[in-house]
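Colleague: got a predicted structure plus its sequence, pasted below:
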Amino acid sequence: MSATPSPRPAPARGEALRSVAIALILPVALCLAWETAVRTGLAPGRLMPPPSRLFRTAVVLAASGELQTHVAATMTRVAIGFGIGAAAGTLLGMLTGANAPGRRLLDPSIQALRAIPSIAWVPIFILWLGIFETSKLALIALGVFFPVYLGTLSAVQGVDRKLIEVGQVFGFSGLGIMLRITWPAVLPIWVASLRSGLGLGFMFVVAAELMGASEGLGYLLLDGQQMGRADTILVAMIVFALLGKLSDGVLVALTAPLLRWQDTVRAQL
Amino acid sequence: MTTLAIENLSKTYADGTEALRDMSLLTHSGEIVALLGGSGCGKTTLLRLTAGLDRPSAGAIAIDGNRMSGTHPAISAVFQEPRLLPWLRVGGNIAFGGRRIDPVERRRRTAALLERIGLAGYGTRWPKDLSGGQQQRVAIARALIGHPAILLLDEPFSALDAFTRASLHELLLDLWMELRPTILMVTHDVDEAVFLADRVVVMRPRPGRVHAAMAINLPRPRNKLTAEYDLTRRNVLRAIDRSLAAERTAAAGGATVSPWL
């Protein structure tokens, strides 16, 4: 409880720019050093192409529209798988968190399933769901489900009993408490669990696409390996990094209005 | 006109702690009753039972003759901590107490209360931006927006400094004059009890029970600097002393309970 109005500790604009500049020193220096090493013939650059080659490869892939096709395929898979996994994880987490019989019934089984490494589901998903989209989406959804489920469950169990009592004293019960107290109280942890779920979604989309796909960034990785094109592989990896960062940023931006009330240092992007 | 009757109430917790034994209390409409006692005398337990947040082990609480079970629309509460909902703005927190009021009226009352508690213009702030005293003002407004017949106060001023506490006493009395709820408050502060209450009930610990009850017949507004005030205060202190002495000499259990005043 603060005695004075406490504005969010936001660094001044100049300071923010400076920390970005400091963070860039190392990667930029490494890129320049590698570029120089390859240009001067000190390094061959075939398996580790210099930044200029990567840039050219990216431009060529983008100009042909190939890159966009792969990005679209991957992002569609992540979006659908994430949506399903996050929705299921949230609903089940709320259910088992708020309801002791439900928790005793469901949670042990869910925890048992969690003990299976998610990638181990691949063969059975392929047998059950075929080698096309459905099995890929199932794998991604499964990967997203567990962190969201666990986060939501523990957040619901961690809701301050004192605030629940406030809801009771002012005439709310059951669903009213759930919507007016529990749900807003779990939002910060829920958002954090969505973010780790999204990270896992990207991990599993790669796994799914490596197993056999005709498009997607994972396919591009595999294609680069088979063609001996290190530049293609590295471009795909960089695009993965950018997409992951970008979608995490979008998720944080979308959920920020829900968390403005928090009396904490805002989560770093 | 609402009467609150607490009849032979007992509470033993699951761990065996006997928090309250055979407690009876009858409040009259619009009076302020202060339950005074040290820790372990069951005052907070009594308030929680009255709020409907816990179930008694024996005995009953009745409002206008109807036994209550669970929370009751006529009963509202301010807790020791403000317990504002951090995700609602200040205005939203006040309005939260007015669940049963029609929305237009709720908005009107919220605005009026914000003004009354000296926080006009703070309606769209977040609770975290308020000081402890301001937060407790909001909690009082939230408890009163529904015009409850009975207001429970669980040491709501104990965490505040003396200046803030005095100003909140004034605020509470102002609002009480206007809305006239019956107030059942728990405190360990003799001054607070004498300044606010029409009746002080001194409680004894282990198990919690009534030791003595006395009427405070000082005219309002009360002046803490008069001889009568001092005398009343000393009477209350004497009762507390006797309760402590009785506790030292009493054999465990079996003490009789003084009747209602």
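Modeller: Cool, got the structure.
Colleague: low-confidence ranges, the chain, go.
Modeller: Just so you know, I chose chain A. A:1-12, A:263-269 (pLDDT under 70).
Colleague: ah, no, chain B please
Modeller: B:250-261.
Colleague: looking at it, which helix is longest?
Modeller: helix B:227-249 (DSSP state H).
Colleague: for B:K11, what is the enclosing helix or strand?
Modeller: strand B:4-12 (DSSP states H and E).
Colleague: next one: that strand to chain centre, how far?
Modeller: 16 Å (Cα atoms, centre = their mean, to the nearest Å).
Colleague: for it, list every residue counted as buried.
Modeller: The neighbour-count check on strand B:4-12 (16 or more other Cβ atoms under 10 Å in any protein chain shown) flags B:L4, B:A5, B:I6, B:E7, B:L9, B:S10, B:K11, B:T12 as buried. Any C-beta I mention is one placed from the backbone N, CA and C, and that applies to glycine too.
Colleague: partners of it in the sheet?
Modeller: strand B:18-27 (antiparallel), strand B:58-63 (antiparallel) (DSSP bridges).
Colleague: residue numbers of the stretch 151-261 of chain B in contact with chain A?
Modeller: Taking Cβ under 8 Å from any Cβ of the partner chain as the criterion, chain A has no neighbours within the stretch 151-261 of chain B.
Colleague: would you map the strands across the stretch 151-261 of chain B?
Modeller: Along the stretch 151-261 of chain B, counting by DSSP state E, counting those that start in this stretch, strands occupy B:182-187, B:199-204, B:209-215.
Colleague: got the contact list for the first one?
Modeller: It stands for strand B:182-187. The set of residues external to strand B:182-187 that reach it, using Cβ atoms under 8 Å, 6 or more residues apart in numbering or on different chains, is B:2, B:4, B:27-36, B:43-44, B:46-47, B:50, B:149-158, B:172, B:176, B:193, B:196-197.
Colleague: next one: stretch A:78-92
Modeller: If you take Cβ under 8 Å, 6+ apart as the criterion, stretch A:78-92 is touched by A:106, A:110, A:136-153, A:190, A:193-194, A:197-198, A:201-202, A:204-205, A:247.
Colleague: from those residues, which land in helices?
Modeller: Those of the contacts of stretch A:78-92 lying in helices (DSSP H): A:106, A:110, A:136-153, A:190, A:193-194, A:197-198, A:201-202, A:204-205, A:247.
Colleague: buried subset of those, written for PyMOL?
Modeller: Remark: buried members of the ones in helices among the contacts of stretch A:78-92, expressed as a PyMOL selection using 16+ other Cβ under 10 Å:
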select buried, chain A and resi 106+110+136+137+138+139+140+141+142+143+144+145+146+147+148+149+150+151+152+153+190+193+194+197+198+201+202+204+205+247
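Colleague: just the closest residue of the stretch 51-200 of chain A to chain B, please.
Modeller: Residue nearest to chain B within the stretch 51-200 of chain A: A:P184 (4.1 Å; Cβ to the nearest Cβ).
Colleague: how about that residue, secondary structure?
Modeller: Secondary structure state of A:P184, per DSSP: H, G, I helix; E, B strand; the rest coil, is helix.
Colleague: that one reaches B:W87, doesn't it?
Modeller: Yes. Between A:P184 and B:W87 there is a contact at 4.1 Å, judged by Cβ atoms under 8 Å.
Colleague: ok, those two, which is more surrounded?
Modeller: Between A:P184 and B:W87, counting by other Cβ atoms under 10 Å in any protein chain shown, B:W87 is the more crowded of the two (22 against 18).
Colleague: generate a ChimeraX selection restricted to the buried subset of the contacts of strand B:182-187.
Modeller: Of the contacts of strand B:182-187, the buried ones can be selected in ChimeraX as follows, counting by 16+ other Cβ under 10 Å:
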select /B:2,4,27,30,31,32,33,34,35,36,43,44,46,47,50,149,150,151,152,153,154,155,156,157,172,176,193,196,197
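Colleague: helix, strand, or coil at the residue nearest to B:N93 when sequence neighbours are not counted?
Modeller: Spatial nearest neighbour of B:N93, excluding adjacent residues (Cβ to Cβ, 6 or more residues apart in numbering or on different chains): B:L84 at 4.8 Å. Following three-state DSSP, B:L84 is assigned to coil.
Colleague: ok, now which ones touch B:L84?
Modeller: B:V90, B:N93, B:P127, B:Q135, B:V138, B:A139, B:R142.
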